[in-house]
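Colleague: For reference, the sequence and a predicted model appear below.
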Amino acid sequence: MRISKTLQSKGRIAAVVAAFAVVGVAAGCGSDSSSSTTPAKVDTAAPAETTAAVADVKGKKVVLVSCFDQNPWCKIYNHTIIDGLKAAGVDVTYLEDGFDPNVQVQNLKQAIAAKPDAVLVVASDDNSIVPAVTQAKAAGVPIFNLNGRAADGSIPNLTSSILANQKQLGQYAAENLIEGIKAEGKTGGNLIAITGTAGTNTAKDRMEAFNEVLAKNPTFKLVATEDGSWDQVKSAKIAQQLFAKYANQGGIQGAYGMADYMAAGIIQSAKQANLPLGVKNKGLIVTGSNCFKVGIDAIKAGEQYGTATQAPSVEGEFVFPLIIDFLAGKKIEALNQKEEGRVTADTLGEFGEVCSLA
Amino acid sequence: MTEVQQSPRQGRRARALGIMPVLLLVAMVVMFFVIPALKGTSPTDFNVYNAFQDWSALSLLALALGITVIAGEFDLSVLAMYSLGAMVAVQTGTSSPVLGVVLAVAAAGLIGLVQGLIVAKLRINSMTVTLGGYLTVLGLVNIIGGNASVPYKNVNVGISLDDPILSFFSIRSLITIAIFAIVFLVLRYTVLGRNLRAMGGERRATRIAGVRADPLLVGCFVASAMLAALGGSLLGYSLATAIPDLGFGPLIFAITAVLLGGVALAGGRGSALGIAAGAFTLALLNELFGLMATPDYISDLITGGLLFIVTIISAPDLFGWWRSVRAAKVTTPEQEPVALEKS
């Protein structure tokens, strides 16, 4: 009896350890994440000289430290870069962080310790990578900041920044709202902005440009700017609260969701609040950004006035030729910015396809 | 005098579960070296250092939570205290990092005191009280930080804290090891520790035995808040940033580490050493994920699965339930004909 009870306890431990061993082995599974997705290509040609550089970069090592595949934008952006580099023979390691700054810094330090030929980072939090970037510089590891402007403390230690033009994206959002509201015959209105993670340079830069446009159009007033944290559900909830708050203060005429899926949350809340949507209904004008299929569909349905590009595949295709150039020994500029496009029903023919990948 | 007597069976079970964290850690260490070898790579000194860094970032949070679990409570607010620690330290510790940490720990301790008093004096469930505490403190952190992440101007502090020492360690991880050592000694060799476990196992009996449970409980919440804030402030310096809302990742790590560390969710069982081992097991697993470039969804799957399995296997009634299932199987064939006759 005593032995059997002891065995029960030991069996319990053995079961835990065995289960643990199984899940541990699984950690090694699927580790070649860099080959799991092949995004659709777009007609954005790489610079001609890049082709000649390809032969010089075979076997070079690059580590991409970035947001995870569960985010549709990140998935296409990251894998466009990975596929482009791999096609040139570059050995790419992809470390995901799920927008967790602590995990990202751990990954970044691990990448730096491996002393690859280049580290590419899409910062989850601009400030939190400053010490790691400083260490990369000290260790002689070239480090590239991608997508959003780096914190001031990182910039001197970066090899280069390859960015989307975030200010253009904010500018286009404001222009879309003003144009849409004017198309309804109104001369001004109350606007709200639900942003990506507050405090990041991406959100700051977009809002700065957004406000610059409003400054030239003083009849349009930004009554609330709230942090939607790149989250559709949170954005919908914030929109619902703001619609209620301003219902007796002239209402809301225009809403900016910093990504199209956030704009989708705003549209959802407007419908729940029985607010009319779009120019045709002389209703709420909504604009997004970052170019998602949900935004394009909403524009086609007349529920969203516009968006702006930053299509992940196009942004990714802007990045990898520059990295290949660098690996081939060519000098690249400290700041490289991708020009963005404004998307409305009028320009769907130009951007509709490329904006429907995510 | 205050130890609650265990039956021989409970004693065997407690001993068996007591060595589980060590066995898991050994298994993890083996896997940490074997699995990369199967893929043609191998961990370096840096990977071990990085695992210690991850451990030092999150293990104090696990310890903060674990202490309350051992006491038979559950402090959900540790996550917000962790953010508060970073925010206060980063905002106030530019010229004197030590002062920043002291202020952060003191502020959290004060809030922990309020929560502890509410739980102890009003006999309210700690989950609900600390859920309120979590939301309130998180709101406070957002107000202090202006609803945005706040950079720490003295970047060199973080770099110094994280400088490798003896290849594997850093000042930050050595501080964390020292804190764990102190808590281990207190829990293992003092009346305070014995009373805490006894209170977690059987609070009413402990009160009858003459232990002043209320001050102990209040002290437990104060210590929990202070440990979480200390962990957060060190992380804030290391990242040179205070981030108002870190998401639930750190809390998931802490809960998993506590359970892997052999702490009973029902209270009364667990040690600082076990929590340290549980946290280091997870830190090694995280480092293994990084080393193998494991996709995030697989990492989540594995961590979640591990939490699930350990929770089930350490359940107090698991074998009782299993015995009853087996007994039912044995008796069912004889009962079936009777049921048919009745129908």
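Modeller: Done, it's in. Numbering: from 1, shown residues only, chains lettered A, B, ... in the order given.
Colleague: Which residue is it, in the stretch 51-200 of chain B, that comes closest to chain A?
Modeller: B:Ala148 (2.6 Å; C-beta to the nearest C-beta). C-betas here are computed from N, CA, C, even on glycine.
Colleague: Tell me how many other residues surround that residue.
Modeller: 19 (other C-beta atoms under 10 Å in any protein chain shown).
Colleague: Just say helix, strand or coil for the residue nearest to it when sequence neighbours are not counted.
Modeller: Spatially, and ignoring its direct neighbours in sequence, B:Ala148 is nearest to A:Gly199 (2.6 Å; C-beta to C-beta, 6 or more residues apart in numbering or on different chains). Using DSSP: H, G, I helix; E, B strand; the rest coil, the structure places A:Gly199 in coil.
Colleague: Hmm, B:Asn142 and A:Gly199 touching each other?
Modeller: No. Using C-beta atoms under 8 Å as the test, A:Gly199 is too far from B:Asn142 to be in contact (10.5 Å).
Colleague: More neighbours: which of the two?
Modeller: A:Gly199 (23 against 17).
Colleague: Who are the contact partners of the more buried one?
Modeller: Contacts for A:Gly199 were tallied using C-beta atoms under 8 Å, 6 or more residues apart in numbering or on different chains; they are B:Gly145, B:Gly146, B:Asn147, B:Ala148, B:Ser149, B:Val150.
Colleague: Spit out the contact partners of the third one.
Modeller: Contacts were defined as C-beta under 8 Å, 6+ apart; by that measure B:Asn147 touches A:Ala198, A:Gly199, A:Asp227, B:Pro244.
Colleague: Now with 6 Å, please.
Modeller: A:Ala198, A:Asp227 (C-beta atoms under 6 Å, 6 or more residues apart in numbering or on different chains).
Colleague: Likewise for the fifth one?
Modeller: Contacts for B:Ser149 were tallied using C-beta under 6 Å, 6+ apart; they are A:Asp125, A:Asn127, A:Gly199, B:Thr241, B:Ile243.
Colleague: Give the closest residue to the last one in space, chain neighbours not counted.
Modeller: Taking C-beta to C-beta, 6+ apart as the measure, B:Ile243 lies nearest to B:Ser149, with 4.6 Å between them; neighbours along the chain are not counted.
Colleague: Now the phi/psi pair for the one you found, please.
Modeller: Reported as degrees, to the nearest 10, the phi and psi values for B:Ser149 are phi -70, psi 150.
Colleague: Could you report the distance from the residue nearest to B:Ala276 when sequence neighbours are not counted to B:Phe280?
Modeller: Closest residue to B:Ala276 apart from its sequence neighbours, by C-beta to C-beta, 6+ apart: B:Phe180 at 4.8 Å. Remark: distance between B:Phe180 and B:Phe280 (C-beta to C-beta, to the nearest Å) = 10 Å.
Colleague: neighbour count winner among those two?
Modeller: Between B:Phe180 and B:Phe280, counted using other C-beta under 10 Å, B:Phe280 has the larger neighbour count: 24 against 21.
Colleague: contacting residues around the strand or helix carrying that one?
Modeller: Taking DSSP states H and E as the criterion, B:Phe280 maps to helix B:272-291. With C-beta under 6 Å, 6+ apart as the test, helix B:272-291 has contacts from A:27, A:95, A:107, A:110, B:21-22, B:24-25, B:28, B:32, B:36, B:47, B:50-51, B:54-55, B:59, B:62-63, B:66, B:180, B:183-184, B:187, B:256-258, B:260-262, B:299.
Colleague: Any of these buried? List them.
Modeller: A:27, A:95, A:107, A:110, B:21, B:24-25, B:28, B:32, B:36, B:47, B:50-51, B:54-55, B:59, B:62-63, B:66, B:180, B:183-184, B:187, B:256-258, B:260-262, B:299 (16 or more other C-beta atoms under 10 Å in any protein chain shown).
Colleague: I'd like the contacts of A:Gly199 written out as a markdown table, with distance to B:Glu73 added.
Modeller: Formatted as a markdown table, those follow (distance: C-beta to C-beta, whole Å):
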| residue | distance to B:Glu73 |
| --- | --- |
| B:Gly145 | 29 |
| B:Gly146 | 33 |
| B:Asn147 | 31 |
| B:Ala148 | 33 |
| B:Ser149 | 31 |
| B:Val150 | 31 |
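Colleague: which one among those gets closest to B:Thr94?
Modeller: B:Val150 (10.9 Å; C-beta to C-beta).
Colleague: Distance of that closest one relative to B:Arg123?
Modeller: 38 Å.
Colleague: Distance from the helix holding B:Phe280 to the middle of the chain?
Modeller: 11 Å (C-alpha atoms, centre = their mean, to the nearest Å).
Colleague: what's the following helix or strand after that helix?
Modeller: helix B:296-313.
Colleague: Can you tell me the SS state at A:Leu191?
Modeller: Quick answer, by three-state DSSP: A:Leu191 is strand.
Colleague: Break chain A down into its structural domains.
Modeller: Domain segmentation of chain A under automatic domain parsing yields A:34-163+A:313-338, A:167-308.
Colleague: mean pLDDT lowest for which of those?
Modeller: Between the domains of chain A, the lowest average pLDDT goes to domain A:34-163+A:313-338, which shows a mean of 86.
Colleague: how about that domain against chain B, any contact?
Modeller: Yes. Looking at domain A:34-163+A:313-338 against chain B by C-beta under 6 Å from any C-beta of the partner chain, the contacts come from A:68, A:93-96, A:98, A:100-102, A:105-107, A:109-110, A:113, A:125, A:127-128, A:130-131.
Colleague: how far is that domain from where the chain is centred?
Modeller: 14 Å.
Colleague: again, but for stretch A:159-172
Modeller: That offset, for stretch A:159-172, works out to 11 Å (C-alpha atoms, centre = their mean).
Colleague: ok, now stretch A:189-205?
Modeller: With C-alpha atoms, centre = their mean as the basis, the mean position of stretch A:189-205 lies at 14 Å from the chain mean.
Colleague: Helices of the chain, residue ranges please.
Modeller: In the absence of a named chain, this looks at chain A. A:2-27, A:48-54, A:72-87, A:101-113, A:130-139, A:166-183, A:201-215, A:232-245, A:260-272, A:293-300, A:312-327, A:348-351 (DSSP state H).
Colleague: could you do chain B instead?
Modeller: In chain B, the helices defined using DSSP H lie at B:8-38, B:45-70, B:78-92, B:97-122, B:126-144, B:155-162, B:171-189, B:191-201, B:203-208, B:213-239, B:249-260, B:272-291, B:296-313, B:318-342.
Colleague: Would you mind giving the ones you listed as CSV with mean pLDDT added?
Modeller: Output for those, formatted as CSV (pLDDT from 0 to 100):
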stretch, mean pLDDT
helix B:8-38, 84
helix B:45-70, 95
helix B:78-92, 97
helix B:97-122, 97
helix B:126-144, 95
helix B:155-162, 91
helix B:171-189, 96
helix B:191-201, 91
helix B:203-208, 82
helix B:213-239, 96
helix B:249-260, 93
helix B:272-291, 93
helix B:296-313, 83
helix B:318-342, 65
